[in-house]
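**Student:** Next come a sequence and a model predicted from it.
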Amino acid sequence: MDKELAGAMISVNEEGYLTDLSQWTREIGIEIAREEGIEMTDQHWSVIDYIQDQYRNSASLSLRSLGKRGPVSIKELYQLFPDGPLKKSSRIAGIPKPASCI
């Protein structure tokens, strides 16, 4: 289904995840973050950049792998993206919901 964000029409699934990463822009990420109640900072963007890089390299994402190899610890992920850090950060990053998220 289509949704308008940051002045652009994007394709999303029923859970609000983009279905085409090529439609993602930083402005769209900011709008999605606002929907999640998150004010983006440089630390948030470092996580988003890391997640997108991992996705583009076909790496599987989990909270544990993100906390071990990512730019911040698991504790920091929960502070940056409360109530579901991997789900929220993935949605903001414009990638499909990771298989490890239920």
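**Tutor:** That came through, no problem. Residues are numbered from 1 along each chain as shown.
**Student:** use CA for all of it now, contacts and neighbours both
**Tutor:** Fine.
**Student:** Count residues in the vicinity of residue 36, would you?
**Tutor:** Counted with other Cα atoms under 10 Å, residues neighbouring residue 36 total 16.
**Student:** and if you look at residue 22?
**Tutor:** 10.
**Student:** Can you list the low-confidence ranges for the chain?
**Tutor:** 100-102 (pLDDT under 70).
**Student:** could you say what helices and strands the longest helix along it packs with?
**Tutor:** In the chain, taking DSSP state H as the definition, the longest helix is helix 42-56. Helix 42-56 sits against helix 85-93, with contacts defined as 3 or more Cα pairs under 8 Å, 6 or more residues apart in numbering; DSSP states H and E.
**Student:** How many neighbouring residues does residue 99 have?
**Tutor:** Neighbour tally, residue 99, other Cα under 10 Å: 9.
**Student:** Could you do residue 46 as well?
**Tutor:** For residue 46, using other Cα under 10 Å, the count is 13.
**Student:** ok, now residue 71?
**Tutor:** 18.
**Student:** From residue 50, how far out is it?
**Tutor:** 7 Å (Cα to Cα, to the nearest Å).
**Student:** Now for these two: what residues contact both?
**Tutor:** Counting by Cα atoms under 8 Å, 6 or more residues apart in numbering, no residue touches both residue 71 and residue 50.
**Student:** ok so, going back, flag every buried residue along the longest helix of the chain.
**Tutor:** For helix 42-56, burial by neighbour count (16 or more other Cα atoms under 10 Å) applies to 44, 45, 47, 48, 50, 51, 52, 55.
**Student:** Quick check: chain neighbours aside, which residue is closest to the fourth one?
**Tutor:** Which is residue 48. Spatial nearest neighbour of residue 48, excluding adjacent residues (Cα to Cα, 6 or more residues apart in numbering): residue 93 at 5.3 Å.
**Student:** what's the one you found in contact with, if anything?
**Tutor:** Neighbours of residue 93 in contact, by Cα under 8 Å, 6+ apart: 24, 29, 48, 49, 51, 52.
**Student:** so what's the residue nearest the centre of the chain closest to, chain neighbours aside?
**Tutor:** Nearest residue to the geometric centre of the chain (Cα atoms, centre = their mean): residue 90, 2.5 Å. Closest residue in space to residue 90, ignoring its immediate chain neighbours: residue 97 at 6.2 Å, by Cα to Cα, 6+ apart.
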